[in-house]
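**Student:** what follows is a predicted structure for the sequence shown.
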Amino acid sequence: YYPLAGMDEAVRQQLVDDHFLFVSGDRNLQVAGMERDWPEGRGIFHNTEKTFLVWVNEEDQLRIISMEKGGDVLGVFKRLAKGIQTVGDSVKEESGKEFMLDEKYGYVHSCQPTLEPE
């Protein structure tokens, strides 16, 4: 886990070079109150291969990402599905709560570009 608060400059630069680091300063996020207490409580998890990431408190509370170069779409999807399940299990174990799922709208989140109507 790499917390934004107090991040070492070399680590920060590597995450920027890898295109993994999200940054402050988006006016829309500021107006919506989504950058309160920046950078506290924000960070990134990633696996050794840098093919699976979890952004903590960027726009959504969690943004779970699976990616890799090439055409192995099934492999990327399987990694994503396993990661979502693993993160969900961990959240439930720690808090006793599950991800919020609406029967009609799916998982509730705050990132408008990823919120699509049926």
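**Tutor:** Thanks, I have it. Numbers count the residues shown, from 1 in each chain.

**Student:** CA atoms only for the host helix or strand of residue 89 - export them in CSV, please.
**Tutor:** Using DSSP states H and E, residue 89 sits within helix 73-95. C-alpha atoms of helix 73-95 as CSV (Å, rounded to 0.1, in the frame of the first residue of the first chain):
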residue,chain,number,x,y,z
VAL,A,73,-9.0,-10.0,-22.2
LEU,A,74,-10.2,-13.2,-20.5
GLY,A,75,-7.1,-13.2,-18.2
VAL,A,76,-7.7,-9.5,-17.3
PHE,A,77,-11.4,-10.2,-16.6
LYS,A,78,-10.6,-13.2,-14.4
ARG,A,79,-8.1,-11.2,-12.4
LEU,A,80,-10.6,-8.4,-12.0
ALA,A,81,-13.4,-10.8,-10.9
LYS,A,82,-11.0,-12.5,-8.4
GLY,A,83,-9.8,-9.1,-7.1
ILE,A,84,-13.3,-7.8,-6.6
GLN,A,85,-14.2,-10.9,-4.7
THR,A,86,-11.1,-10.8,-2.6
VAL,A,87,-11.4,-7.1,-1.7
GLY,A,88,-15.1,-7.6,-1.0
ASP,A,89,-14.4,-10.6,1.3
SER,A,90,-11.7,-8.5,3.1
VAL,A,91,-14.1,-5.6,3.6
LYS,A,92,-16.8,-8.0,4.9
GLU,A,93,-14.4,-9.7,7.3
GLU,A,94,-13.1,-6.3,8.7
SER,A,95,-16.4,-4.5,8.9
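
**Student:** partner strands of the following helix or strand past that helix, parallel or antiparallel?
**Tutor:** The helix or strand immediately downstream of helix 73-95 is strand 101-102, counting by DSSP H and E. Using DSSP bridges, the strands paired with strand 101-102 in its sheet are strand 106-107 (antiparallel).
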